[in-house]
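Colleague: could you look at this predicted model? Sequence included:
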Amino acid sequence: MTTLGNLGDLTPASVDPAKIALIDLAIDAVRTYSHADIDRMARSVAAALSRRGFPPGTRIGIVALNRAEHVASYFGIMRAGLVAVPISTRLPAETIHFIIGDADVAMVFTDAACAAQLPPGMATISFDDPGPGGFGALLGDAPFETHRMRPDDPAQMLYTSGSTGRPKGVPLSHESQLWALRARSNAPGAADERYLVAAPLFHMNGLVSTKGAFFNGASMVLMPGFDARGFITAAATHGVTAITSVPTMMARVLKETDTLARLDLGRIRRVAMGSSPITLTLWQRVQEAFPNAVLFNSYGTTEAGPAVFGQHPEGKPTPPLSAGYPLPGGEMRLADGPNPDEGVLLMRNPSLMRGYHNLPAQTARALRDGWYVSGDVFRRDPDGFYFFVGRADDMFVCSGENIYPGEVEKMLERHPDIHQAAVVPLPDEERGQVPVAFIVMRGAASLDYAQVKSFALAHAPAFQHPRRVAFLAELPLAGTNKIDRRLLIDLAARMAAGRAF
């Protein structure tokens, strides 16, 4: 484990260098890398960047699909004392250009699939360029001493998804992220885990799993992107023991009933779902699909880090759907709610950002006297366990009643014929806004609006029942594999205007 305070140099010294670190399920072939291989690649990247004379703190971008070179470049950038800026490949070129300019990125690691999205004239190193200017030419075994970092030195800058306005840069220091890894990495047998990562490496979810695998001296299977059948096959084929995902990924996995029945998933002992709400029905069905696994509802934010909740200090079991009990070393409280046990979650811990990049007004709104205002509404039970209710900015008002879409979705997914539900608001002259439900059916089941309405009225307050229902084959996903609610809001408006409901 690094003694230099550098997030790019994580692997414990005790790990056998020949141990498998990463199985890359690249588009063209499966490639296996040892810890020594990834260390050599990261060291080569750091040495090459150092030779180019970039001063400490220079920002280096990565715009590429998941692959081993992406991981090695991420670590190598930080080892050189520079700042890694992973950028979403799923953004329009205009937004990628904005991020590169906003972060003052000096150079970008990229691949053949993503190079066209970069600004003209941008200095790049392509993972797929076999020539002297490509990534392969960097590789060797030249010595390089990892740059020693001060605790507050920036390690990475991640950009938020930009659900409101343009994406915001979040600089995060080496020590803040190392603290988060230490807080999360105390489970027995952690070195024996094999993670499956299909979440994109420009997002905190995928990055945390990757860093955790190396920090614990474990191994990981990396997919270039998510597809449900490939995800299941990879888990069974490569001896995966731990899965990290978002709920929408698991919902699509559960639709692959033939593949689930055919393959042995008995080695999987941990399944984490996070980054968006989870329903009890989904939770129960995931448990059925992975009967030997312990399920976790993981919660974290880019701004305040992934180390927020854990196990109860008295050993009390975490209830289904709970995000857990607050980890030691961090503080949290609930504000602006109807009672002390419900409200917007505020957090203060060592992994907290200092502020958004070049956005003082947004920083002032997000940080309140040293507390990060998450915008996520939670409730706390008598044992101190926290449960996610919904996003404060997703909440809408129907006839004077507050509606959290996640609560309605949980209720609808209790119906035996509903596989997935997403609820969004639709403007209404009389009631302000009304809930619209987009529903994915389970198997060959069939429902109509009247049946959905009847079920909702029988199982929830009347004001929560959907006033419109549309049936889809699949819910659309945004770039981070979460439900694309903005697209559904637009679709609801178009369908209402065309009287398609």
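Modeller: Here it is on my side, so go on. Numbers count the residues shown, from 1 in each chain.
Colleague: for the chain, give me the ranges with low pLDDT.
Modeller: 1-3, 161-165, 186, 275-276, 429, 479-481, 500 (pLDDT under 70).
Colleague: all helices of it, in order?
Modeller: 35-51, 68-79, 93-102, 174-184, 204-215, 228-237, 247-254, 257-262, 280-289, 360-366, 405-412, 449-459, 485-497 (DSSP state H).
Colleague: which other helices and strands does the shortest one contact?
Modeller: The one in question is helix 257-262. helix 228-237 (3 or more C-beta pairs under 8 Å, 6 or more residues apart in numbering; DSSP states H and E). (Glycine included, C-beta is placed from N, CA and C.)
Colleague: dump the C-alpha coordinates for the helix it packs on into CSV.
Modeller: The C-alpha trace of helix 228-237 is given here as CSV (Å, rounded to 0.1, in the frame of the first residue of the first chain):
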residue,chain,number,x,y,z
ALA,A,228,-27.2,-7.9,-19.5
ARG,A,229,-26.4,-11.3,-21.2
GLY,A,230,-22.7,-10.5,-21.3
PHE,A,231,-22.7,-9.4,-17.7
ILE,A,232,-24.2,-12.7,-16.5
THR,A,233,-21.8,-14.7,-18.7
ALA,A,234,-18.8,-12.8,-17.5
ALA,A,235,-19.8,-13.4,-13.9
ALA,A,236,-20.1,-17.1,-14.4
THR,A,237,-17.1,-17.6,-16.7
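Colleague: compute the inter-axis angle for that helix and helix 280-289.
Modeller: 40 degrees (axes from the mean of the first three to the mean of the last three C-alpha atoms, to 10 degrees).
Colleague: return the set of buried residues in helix 228-237.
Modeller: 228, 230-236 (16 or more other C-beta atoms under 10 Å).
Colleague: quick one, strands of the stretch 1-150 of the chain?
Modeller: 20-25, 30-34, 59-63, 83-86, 105-110, 124-126 (DSSP state E, counting those that start in this stretch).
Colleague: circling back: quick one: which of the buried residues of helix 228-237 is nearest Phe471?
Modeller: Ala228 (19.7 Å; C-beta to C-beta).
Colleague: could you find the closest non-adjacent residue to the closest one?
Modeller: Arg252 (4.1 Å; C-beta to C-beta, 6 or more residues apart in numbering).
Colleague: any idea how far the one you found is from His203?
Modeller: 17 Å (C-beta to C-beta, to the nearest Å).
Colleague: ditto for Ala392
Modeller: If you measure Ala392 against His203 using C-beta to C-beta, the figure is 21 Å.
Colleague: same check, this time on Leu426
Modeller: 29 Å.
Colleague: ditto for Leu367
Modeller: From Leu367 across to His203, the span is 22 Å (C-beta to C-beta).
Colleague: now do Val271
Modeller: 18 Å.
Colleague: repeat that for Asn358.
Modeller: From Asn358 to His203 the distance is 22 Å (C-beta to C-beta).
Colleague: C-alpha coordinates for stretch 240-249, PDB please?
Modeller: Provided in PDB are the C-alpha atoms of stretch 240-249 (Å, rounded to 0.1, in the frame of the first residue of the first chain):
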ATOM      1  CA  VAL A 240     -16.600 -13.400 -10.100                       C
ATOM      2  CA  THR A 241     -17.400 -13.100  -6.400                       C
ATOM      3  CA  ALA A 242     -18.500  -9.500  -6.100                       C
ATOM      4  CA  ILE A 243     -20.800  -7.400  -8.400                       C
ATOM      5  CA  THR A 244     -21.200  -3.700  -8.400                       C
ATOM      6  CA  SER A 245     -24.100  -2.200 -10.300                       C
ATOM      7  CA  VAL A 246     -26.900   0.200 -10.500                       C
ATOM      8  CA  PRO A 247     -30.500  -1.000 -10.100                       C
ATOM      9  CA  THR A 248     -31.400  -0.600 -13.700                       C
ATOM     10  CA  MET A 249     -28.600  -2.900 -14.700                       C
END
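Colleague: before we move on, back to that, the more surrounded of Asn358 and His203?
Modeller: Shown here are Asn358 and His203; by other C-beta atoms under 10 Å, His203 has more neighbours (21 against 12).
Colleague: look up how far Leu118 lies from the more buried one.
Modeller: Applying C-beta to C-beta to His203 and Leu118 gives a distance of 19 Å.
Colleague: ok, back up a step: got the helices of the chain as TSV, with distance to Ala470 columns?
Modeller: TSV is the format used below for the helices of the chain (distance: least, C-beta to C-beta, whole Å):
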stretch	distance to Ala470
helix 35-51	46
helix 68-79	37
helix 93-102	29
helix 174-184	39
helix 204-215	28
helix 228-237	22
helix 247-254	17
helix 257-262	24
helix 280-289	20
helix 360-366	35
helix 405-412	13
helix 449-459	9
helix 485-497	6
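Colleague: and among these, the most buried is which?
Modeller: Highest mean neighbour count of the helices of the chain: helix 68-79, a mean of 28 (counted as mean count of other C-beta atoms under 10 Å).
Colleague: so what touches that helix?
Modeller: Contacts to helix 68-79, defined as C-beta atoms under 8 Å, 6 or more residues apart in numbering, come from residues 6-10, 22, 24, 26, 31, 33, 38, 41-46, 48-49, 60, 62, 64, 83-84, 86, 109, 111, 127, 135, 144, 146-147, 155-156, 174, 201, 207, 210, 214, 222.
Colleague: now with 7 Å?
Modeller: 6-9, 22, 24, 31, 33, 38, 41-43, 45-46, 49, 60, 62, 64, 84, 86, 109, 127, 135, 146-147, 155, 201, 210, 222 (C-beta atoms under 7 Å, 6 or more residues apart in numbering).
Colleague: again with stretch 175-191
Modeller: Against stretch 175-191 from outside (C-beta under 7 Å, 6+ apart): 5, 7, 151-152, 155, 211-212, 215-218, 305-307, 327, 329, 350-352.
Colleague: quick one: the residue nearest to Ala228 and Phe226, what's the gap?
Modeller: 8 Å.
Colleague: which residues does Tyr325 bridge with?
Modeller: Gly310 (DSSP bridges).
Colleague: any idea how far Ala137 is from Phe144?
Modeller: With C-beta to C-beta as the criterion, Phe144 and Ala137 are 16 Å apart.
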